[in-house]
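Engineer: Quick one, fold the following:
(one chain, ligands or ions: 3)
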Amino acid sequence: MKIALFPGDGIGPEIMTEARRVLDALGLPGLVLFAGDVGGTAYRTHGHPLPPETLEMAKAADAVLFGAVGDPACDNLERHLRPEQAILGLRSQLGLFANLRPATMFPGLEDMSALRPEVASQIDLLIVRELNGDVYFGEKAMRVLDDGRRQGYDFMSYAEDEVRRIAHVAFRAAQGRRGKLCSVDKANVLETSQLWRDVVIETHAEYPDVELSHMYVDNAAMQLVRNPGQFDVVVTGNLFGDILSDQASMCVGSIGLLASAALGERQTEFGSFGMYEPIHGSAPDIAGQGKANPMAMILSLAMLLRHSLGLEAEAARIEAAVGKALQDGVTGADLGGSAGTTEVGDAVLARL
Ligand SMILES: NC(=O)C1=CN([C@@H]2O[C@H](COP(=O)(O)OP(=O)(O)OC[C@H]3O[C@@H](n4cnc5c(N)ncnc54)[C@H](O)[C@@H]3O)[C@@H](O)[C@H]2O)C=CC1
Ligand SMILES: CC(C)CC(=O)C(=O)O
Ligand SMILES: [Mg+2]
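Structural biologist: Residues are numbered from 1 along each chain as shown. Ligands and ions are numbered 1, 2, ... in the order given. The predicted structure is shown next:
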């Protein structure tokens, strides 16, 4: 069992340390760990945010655990050299098109949600975000128009096979949950979304046991706050899924709580090859201060053990330990408490 660890920038290394302590505590036999550079850290040492050796390390592993990338000092670099290209490059070059972003209320945390506790307590949803297409990967540039004005553009598109494969993932996920799928798009305005909707409807024919609904993304953003309990599985494109999952995190209570799995078609000896990361970024505003909540990172490790290594019991053990720590009131500044990154890690370890 080989896991590649890519801590990255900002709070990435701090939260990775805590996930690593949890992994070590499990004492899994036959585990081999590699560490690689990504993001601004990699740019500084290798001249590129995703050095070839890091990509090779990822390909040689059964799973990748990824911290976060992003560094304000790199924001003026040419785009292909910016830290974010590491995560985009890994997702696309490893064919990781299906991003699972679960958002579930933790018992005892209802008062920390940005929503009223009785509304927040209903949250148990899974966002299935397409990860290899959309406006993130279309042709983009800045140019000067004939009249001298600067123009930036990013080409948004989805091909039908890209929509179909993520729709299958979402329908299957719904079958394993409460049997409801809501497809989120902007088909009232965008052709990309009209195709998305058409293909999701076509794919539904293979899943008659799943109840399918459609929602425009602006309404979805509102409904997520009004009544998040109505959602079971939400399937959406790369851009909308990015935005809605950050929003869902505050419905639960903190962006420091939401984990994710990026999966593709490759199978390993133990499960699906995948990359696992918190949904948040490198949080430069709190980096180096020992304040970051490592729970999203630790919960990402749990997803890794479940999906890529077939270790369901160990995954559930980690999730239960995080849940207990929260129920016991161990929270950092993001959840109104005073525990630092290491203290939160200690609390999870003590309940493992
Ligand atoms: N997957 C990745 O590596 C991602 C990278 N980024 C990058 O991260 C950098 C910062 O981006 P932002 O827009 O500020 O988003 P961010 O998610 O890094 O931070 C947003 C806010 O949430 C807080 N926060 C995030 N994670 C937290 C944690 N674990 N515990 C406590 N508080 C936490 C931060 O302190 C900040 O106030 C940028 O360079 C961005 O491009 C952003 C999102 C994802
Ligand atoms: C940093 C971006 C490339 C992606 C992002 O915000 C995300 O995947 O959540
Ligand atoms: Mg994001």
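Engineer: ranges for the helices of the stretch 1-150 of the chain?
Structural biologist: In the stretch 1-150 of the chain, helices defined by DSSP state H, counting those that start in this stretch lie at 12-26, 39-46, 52-60, 84-93, 117-120, listed in chain order.
Engineer: tell me the angle the second one makes with helix 12-26.
Structural biologist: It stands for helix 39-46. Computed by axes from the mean of the first three to the mean of the last three Cα atoms, to 10 degrees, the angle separating helix 39-46 from helix 12-26 equals 100 degrees.
Engineer: CA atoms only for helix 39-46 - export them in CSV, please.
Structural biologist: Coordinates of each C-alpha in helix 39-46 appear next as CSV, following Å, rounded to 0.1, in the frame of the first residue of the first chain:
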residue,chain,number,x,y,z
GLY,A,39,2.6,24.4,-5.3
GLY,A,40,4.6,27.4,-4.4
THR,A,41,6.9,25.2,-2.4
ALA,A,42,7.7,23.2,-5.5
TYR,A,43,8.0,26.3,-7.6
ARG,A,44,10.7,27.6,-5.3
THR,A,45,12.7,24.4,-5.1
HIS,A,46,12.1,22.9,-8.6
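Engineer: outside of it, which residues touch it?
Structural biologist: With Cβ atoms under 8 Å, 6 or more residues apart in numbering as the contact definition, helix 39-46 has outside contacts at 7-9, 12, 36-37, 48-51, 53-54, 68-71, 73-74, 77, 81, 83-84, 86-87, 282. All C-beta spots, glycine's among them, are computed from the backbone N, C-alpha and C.
Engineer: Likewise for the first one?
Structural biologist: Taking contacts as Cβ under 8 Å, 6+ apart, the residues outside helix 12-26 that touch it are 3, 5, 7-8, 31, 33, 39, 65, 67-69, 278, 282, 287-288, 290, 292-294, 296-298, 300-301, 314, 317-318, 321, 341-342, 344-345, 348-349, 352.
Engineer: Among those residues, which ones lie close to ligand 2?
Structural biologist: Residues of those in contact with ligand 2 (Cβ under 6 Å from any ligand atom): none.
Engineer: are any of those buried, and which?
Structural biologist: Those of these that meet the buried threshold are 3, 5, 7-8, 39, 65, 67-69, 278, 282, 287, 292-294, 296-298, 300-301, 314, 317-318, 321, 341, 344-345, 348-349, 352, by 16 or more other Cβ atoms under 10 Å.
Engineer: Inside strands: which ones of the residues you listed?
Structural biologist: Using DSSP state E, the subset of the buried ones among the contacts of helix 12-26 located in strands is I3, L5, P7, G8, L65, G67, A68, P278.
Engineer: And the furthest pair within these?
Structural biologist: Put simply, by Cβ to Cβ the two of those set farthest apart are I3 and A68, 17.2 Å from each other.
Engineer: for the stretch 201-350 of the chain, what spans make up the helices?
Structural biologist: For the stretch 201-350 of the chain, applying DSSP H, counting those that start in this stretch gives helices covering 217-226, 238-252, 295-307, 312-327, 341-350.
Engineer: what about the first one, average pLDDT?
Structural biologist: Okay, so that is helix 217-226. The predicted model assigns helix 217-226 a mean pLDDT of 98.
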